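1. Predicted structure and sequence below. I'll ask about it afterward.
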Amino acid sequence: MPGAARRNGIGRQGVVMPSKPLLHRALQLRRFVELGKRALWALLLMGMPLAQAHAARAYLRVNQLGYESGHGARAYLMTSTAIKGAEFSLLDASGKAVACGQVGATSGVFGSFHVYPIDFPAVRAGTYTVEVKGAVKATSPAFLVGTPAELYGAALARSRSFYQNERDGKNFIPSPLRTAAGHLNDATAAVFESPRFDHDDLILGALKPTGATIDAEGGWWDAGDYLKFVQTHSYTVALMLIGVRDFPEQMGRLSAEADFSEEAMFGLRWLDRMWDDRTATLYYQVGIGTDFKSYDSLSDHDIWRLPQDDDTYAGSDPTFQYIRHRPVFVAGAAGSKISPNLAGRLAADFAECFQVYRESHPAFATRCLVSAEHIFDLADTSPKGDLLTTAPFDFYPENEWRDDLELGATELYFALRGGDLPPGLPHTSPMFYLKAAANWAHAYITGPNDQTDTLNLYDVSGLAHFELFRAIRAAGYPDGLAVKQGELTADIKNQILASVDSTGNDPFGFGWPWSSYDTVSHGAGLSVMAQEYAYITGDREYAIDARRWLGNLSGASPWGVTFTIGDGSAFPNCPQHQVANLAGSLNGGSPVLDGAVVEGPTDSATAGRLDFMQACPTGGGNVYKKFNGNGAVYKDNVQSYSTDEPAIDLSSTSFLMYAWRIAGTPRGTP
């Protein structure tokens with residue numbers, strides 16, 4: 001998120017020759033060293049052990065959230081040299097060994113480390129550690145064995161906490177990190193046409209106002225910055241509402257600790273402000289994150305501050321005009337076609353709104369359903385050039401949209417099938433939308449991007465196929481649809497297989513390349529897809545993988561860190577997040593941005609600082625650097641947005657993953 005890195009030059013120091021007495025002592029020392037070397041070789045020839053001289057570095061990686069009762073589990077031993085003859089023990093809280101065995105063959109090499117899987121059997125609930133002795137010595141962090149609710153319930157609650165701390169506007173939730181509302185000026189935000197950008201993403205010319213103002217107050221900040229995008233909101237709300245609907249005891253009104261119902265409503269109300277159904281006008285962004293080519297006006301990414309500072313930042317200085325009064329960008333003229341990615345996800349959001357809130361908030365739910373149908377009808381189904389995502393497009397360069405329309409049509413089917421519909425809807429037949437969903441599923445499966453991605457912001461087919469499978473079942477398996485259920489399940493399976501195949505036999509068995517992008521979000525999405533596949537087919541082929549991929553994200557990885565803040569015993573201390581950096585702990589103590597999922601490992605770390613950014617880690621360095629390898633890098637540093645910035649979309653697949661693991665099966669639809 002910060003601007004270009006500042007490179008500090010380090011001068012070379014001069015060399016000073018020692019005096020004669022010092023030189024004499026140096027020569028004596030050299031003789032002692034030479035004698036020591038000869039003695040060392042003599043010991044080697046005599047076969048005497050020199051463990052300390054050649055001791056291998058060893059580390060144990062475990063799922064720090066814990067392992068589910070009734071299942072065997074896997075830890076990983078990492079050693080700096082190849083070993084033989086090591087033994088492991090699984091120790092209970094009293095130190096008693098409840099399982100033991102030989103460390104077997106290596107599963108491969110990651111960076112400079114050899115990796116050895118350690119499998120141990122199902123054991124009773126409790127607290128355990130893994131200990132390795134013999135060729136190397138290592139002890140793991142303590143971890144729990146328990147029910148999924150015991151392991152993941154608190155993590156699910158922390159996930160909700162992240163969104164609560166990410167709230168913008170007057171309805172913020174006070175916390176140790178949040179003490180005041182931010183961006184109240186958004187309530188009377190001026191509307192502008194979409195800006196044009198050069199190849200460096202600099203804005204060309206001045207912003208062009210339309211003369212309109214809207215209430216764009218509320219919503220969540222997108223990430224560690226304070227921008228707000230329909231692109232990421234629409235994805236997050238869709239997953240959140242499906243969680244509330246399908247897992248009521250984990251994420252809905254029946255949950256005592258992690259009820260997302262109000263948080264999903266908070267996100268929906270901001271989306272409702274960004275869509276004017278009366279004029280059929282979509283607004284898609286609040287704020288700017290890049291600078292102007294020819295104007296001296298700064299953007300959100302140029303300053304480091306708390307959100308409550310922005311409404312009066314720098315008084316009347318025109319340089320900061322778009323910090324104090326953030327522009328809203330309109331997607332097009334009233335009634336114009338809507339980019340299909342946004343149209344599909346917004347239709348899904350508002351259709352799910354009707355499903356979830358039709359009894360508790362009937363007026364708002366009716367408003368949602370009418371908007372859903374209008375938006376779906378305005379989808380541009382022959383888009384040209386870049387899809388509309390954000391300004392600039394490079395912030396979120398999505399290139400697939402058929403999956404979004406499949407999801408939107410499927411959720412509209414579920415919304416209409418319950419009957420008792422409000423008047424004035426363009427379409428009242430559920431089958432209208434079921435057929436449309438099947439058509440878009442077929443278009444996706446036969447399209448150019450099939451099996452190139454898995455469930456995440458850029459591709460929701462892993463969720464849309466699952467929803468459509470259930471919709472076809474709920475409809476009684478009607479004839480004449482463009483796809484059959486078997487094609488949907490096959491595509492889910494093939495997406496999983498393609499992703500696993502792309503990892504190049506990763507020794508940790510992760511399902512997504514560690515050196516790719518949005519690693520954590522993809523891993524959690526794969527875990528969700530594996531559970532969906534098991535539910536709709538009865539095939540448990542990926543059941544072990546679903547648990548292991550969750551474990552990879554929670555400490556059982558080369559770096560031994562959970563990538564969700566607050567989870568486990570080692571998590572990111574230095575996220576690129578302004579509130580966390582300025583108001584939170586810099587060493588993992590309280591308060592931290594609980595539940596925030598960071599980008600995770602990728603192919604490179606980034607650097608660059610802004611005034612008032614607090615150095616983190618305070619002493620510098622990178623404790624995880626020695627574990628980097630195979631093209632993958634992780635750096636826990638506030639400057640590294642590529643590895644350490646959290647975002648609302650990155651956290652979305654994680655809360656679904658936890659809910660699936662706790663509940664086992666969804667309850668919200670047939």
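-> Now that the structure is in, tell me what you want to look at. Numbers count the residues shown, from 1 in each chain.
2. quick one: residue 462 is in a helix?
-> Yes: judged by DSSP: H, G, I helix; E, B strand; the rest coil, residue 462 forms part of a helix.
3. Skip the chain neighbours and tell me the closest residue to it.
-> Here the nearest residue to residue 462 in space, its sequence neighbours aside, is residue 455; by Cβ to Cβ, 6 or more residues apart in numbering that works out to 3.4 Å. Where you see a C-beta, it was placed from the backbone N, CA and C, and this is true even at glycine.
4. for the one you found, phi and psi?
-> According to degrees, to the nearest 10, the main-chain angles of residue 455 amount to phi -60, psi 120.
5. burial count for it?
-> Residue 455 has 32 neighbours, counted by other Cβ atoms under 10 Å.
6. what separates it from residue 656, distance-wise?
-> Taken as Cβ to Cβ, to the nearest Å, the spacing of residue 455 relative to residue 656 amounts to 9 Å.
7. and if you look at residue 243?
-> From residue 243 over to residue 656 (counting by Cβ to Cβ), the distance is 5 Å.
8. who touches both of those two?
-> Common neighbours of residue 243 and residue 656 are not found (criterion: Cβ atoms under 8 Å, 6 or more residues apart in numbering).
9. what about the strands in the stretch 101-250 of the chain?
-> Listed in chain order, the strands of the stretch 101-250 of the chain (DSSP state E, counting those that start in this stretch) span residues 108-110, 113-120, 126-133, 138-139, 143-146, 189-192, 196-197, 203-204, 209-214, 228-229.
10. For the fifth one, C-alpha coordinates in CSV please.
-> In this case it means strand 143-146. Presented in CSV, the C-alpha positions along strand 143-146 are these (Å, rounded to 0.1, in the frame of the first residue of the first chain):
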residue,chain,number,x,y,z
PHE,A,143,-2.0,-27.9,20.5
LEU,A,144,-5.5,-29.1,21.2
VAL,A,145,-7.3,-32.3,20.2
GLY,A,146,-11.0,-31.7,20.4
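11. And it, what does it pack against?
-> strand 67-68, strand 126-133 (3 or more Cβ pairs under 8 Å, 6 or more residues apart in numbering; DSSP states H and E).
12. how about 10 Å then?
-> The elements that strand 143-146 packs onto, with contact taken as 3 or more Cβ pairs under 10 Å, 6 or more residues apart in numbering; DSSP states H and E, are strand 67-68, strand 73-79, strand 126-133, helix 148-165.
13. Likewise for the fourth one?
-> Helices and strands touching strand 138-139, by 3+ Cβ pairs under 10 Å, 6+ apart, are strand 58-61, strand 73-79, strand 87-92, strand 126-133.
14. do that again at 7 Å, thanks
-> For strand 138-139, the elements it packs on are strand 58-61, strand 126-133, judged by 3 or more Cβ pairs under 7 Å, 6 or more residues apart in numbering; DSSP states H and E.
15. want to throw those into a markdown table with mean neighbour count and mean pLDDT?
-> Putting those into a markdown table (neighbours: other Cβ atoms under 10 Å; pLDDT from 0 to 100) gives the following:
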| stretch | mean neighbour count | mean pLDDT |
| --- | --- | --- |
| strand 58-61 | 23 | 98 |
| strand 126-133 | 19 | 98 |
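16. if we compare those, which one ends up closest to residue 268?
-> Among the helices and strands packed on strand 138-139, strand 58-61 comes nearest to residue 268, with 39.5 Å by Cβ to Cβ.
17. Partner strands of that closest one and their direction?
-> As defined by DSSP bridges, the strand partners of strand 58-61 come to strand 73-79 (antiparallel).
18. What segments of the stretch 251-400 of the chain are strands?
-> With DSSP E, counting those that start in this stretch as the criterion, the stretch 251-400 of the chain has strands at 275-276, 281-286, 328-330.
19. As a markdown table, those strands with mean neighbour count would be great.
-> Compiled in a markdown table, these are given as follows (neighbours: other Cβ atoms under 10 Å):
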| stretch | mean neighbour count |
| --- | --- |
| strand 275-276 | 20 |
| strand 281-286 | 25 |
| strand 328-330 | 22 |
